[in-house]
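**Student:** just a sequence and a predicted model for now, questions to come.
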Amino acid sequence: MPEPFVTVPCIDVITVSHETRLALFRLVLLQRIAEERVIALYRQGKVPGSVYTGRGQEAVAAGAGLALGPDDVIAPLNRELAAHLARGVTVADVFRNYLGKGDGPTRGRDGNMHFGKASHDVFPLVSMLGDLCPLTVGAALAFKRRGEARVAMTFWGDGAFSVGDIHEGLNLAGVLHVPAVFVIQRNGYAYSTPTKRQMLNTSITERVRGGWSLPCEEVDGTDALSTYSAVQAAVERARAGEGPQVIEAVTLRMGGHAAHDAGTYMDAAVKEEYAAQRDPVERLAARLLLSGLAVAEVDGLRAAAVEEVAAGLAEAERSPAADPATLEDGVYSQPV
């Protein structure tokens, strides 16, 4: 019998295949390792923008991104790196954007996660959180009007849930009965404001069901298998014509709002307990071990992810810097 884990393993969702479990593990590892490297680059002064990581939330980004079909569209925020990777965006693309490289997704105009990739059906981030909700409703409405079996997905957190665009978007999605999936990451904070200090009823699921009569399911956002299973089912319901679906993934932001924020306002004891028992990466690793993978196999997967991140960074560092002569390209329309 294996030794007991301090970490609470993911629930053994038998409908999630072994191949999907390995894919999820790769994604959560890549996000964790890549973001740790980005923070190091930021502290070295090599990232011209800012850094907002999803440490503690990797399972949501990975599970949601992997649950979509190849023709669906996704509109991630700045903590959903694994969702980008699940759609085929490369680690090198991510580093190119952070480093402001000329061949990066924004061609050197941004040093953050404010980018998308149209060829991969990834919409770019709008940093006014909440704005992606009505945009996603519009994409889903287009699919419905064209008779396409496609789904549009976006994300937001408990802070953005207090923004008016969210409520207007949810209402419109319900009225128009569009194939949209909304993934809400309740990570405990709106920047430095705890959820309980910004909303009286902290159950987002209850508010969505009662306010808009939309189906909403609360899921453990630290459990990659449970999250993937719940989001996949929501995606298929939306695709089958059952209208918009909402998932509330409960997790914890394991750090400050951004790399410049030490998060000293957070309860250190809660963070320590969370990191020891409910770290999304280690929870999935524990389940893989309990499911029969050898320690050496899990260690091999970790090493492969480290190598993939290192290779992506090396490729990005070889990329050319942005050409200042192109600064106004795509900004002003050209006379005809």
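**Tutor:** Now that the structure is in, tell me what you want to look at. Residues are numbered from 1 along each chain as shown.
**Student:** quick check: mean pLDDT of stretch 55-74?
**Tutor:** Across stretch 55-74, pLDDT averages out at 97.
**Student:** and the residue nearest to Pro48 when sequence neighbours are not counted, helix, strand or coil?
**Tutor:** In space, and not counting its chain neighbours, Pro48 is closest to Gly111: 3.7 Å by CB to CB, 6 or more residues apart in numbering. For every residue, glycine as well, the C-beta is placed using N, CA and C. Three-state call for Gly111 (DSSP: H, G, I helix; E, B strand; the rest coil): coil.
**Student:** got the contact list for Gly111?
**Tutor:** Val47, Pro48, Gly49, Ser50, Asn97, Tyr98, Leu99, Gly100 (CB atoms under 8 Å, 6 or more residues apart in numbering).
**Student:** ok, Thr264 next?
**Tutor:** Gly256.
**Student:** is it part of a helix or strand, or is it coil?
**Tutor:** Classified using three-state DSSP, Thr264 is coil.
**Student:** equivalent analysis for Gly54, please.
**Tutor:** Going by three-state DSSP: Gly54 is coil.
**Student:** please, which helix or strand holds Leu141?
**Tutor:** Applying DSSP states H and E as the criterion places Leu141 in helix 132-146.
**Student:** state the mean pLDDT of that helix.
**Tutor:** 97.
**Student:** show me what counts as buried in it.
**Tutor:** Leu132, Cys133, Pro134, Leu135, Thr136, Val137, Gly138, Ala139, Ala140, Leu141, Phe143, Lys144 (16 or more other CB atoms under 10 Å).
**Student:** with stretch 252-267 instead?
**Tutor:** In stretch 252-267, counting by 16+ other CB under 10 Å, buried: Leu252, Arg253, Met254, Gly255, Gly256, His257, Ala258, Ala259, Gly263, Met266.
**Student:** contacts only, for the fourth one.
**Tutor:** When contacts are counted by CB under 8 Å, 6+ apart, Gly255 touches Thr53, Arg55, Gly56, Asp261, Gly263.
**Student:** do the third one as well
**Tutor:** For Met254, the contacting residues are Arg55, Gly56, Lys271, Tyr274, Ala275, Asp279, by CB under 8 Å, 6+ apart.
**Student:** what's the pLDDT at it?
**Tutor:** In this model, Met254 carries a pLDDT of 92.
**Student:** which element is it on?
**Tutor:** Per DSSP H and E, there is no helix or strand for Met254.
**Student:** quick one, phi psi at it?
**Tutor:** phi -90, psi 30 (degrees, to the nearest 10).
**Student:** and if you look at Ala59?
**Tutor:** Main-chain torsions, Ala59, degrees, to the nearest 10: phi -60, psi -30.
**Student:** over to Val73?
**Tutor:** According to degrees, to the nearest 10, Val73 has phi -120, psi 150.
**Student:** surely it touches Ala142?
**Tutor:** No - counting by CB atoms under 8 Å, Val73 does not reach Ala142; the two are 9.7 Å apart.
**Student:** for the nearest residue to Thr326 once chain neighbours are set aside, what are its contacts?
**Tutor:** Ranked by CB to CB, 6+ apart and with sequence neighbours excluded, the top spatial neighbour of Thr326 is Arg107, at 6.9 Å. Shown in contact with Arg107 (CB under 8 Å, 6+ apart): Ala322, Thr326, Asp329.
**Student:** can you show me the strands along the protein?
**Tutor:** Residue ranges of the strands in the chain, as given by DSSP state E, are 73-75, 152-157, 180-186, 189-190, 193-194, 216-220, 245-250.
**Student:** quick check, central residue of this structure?
**Tutor:** Geometric centre of the chain, nearest residue: Glu80, 2.1 Å, by CA atoms, centre = their mean.
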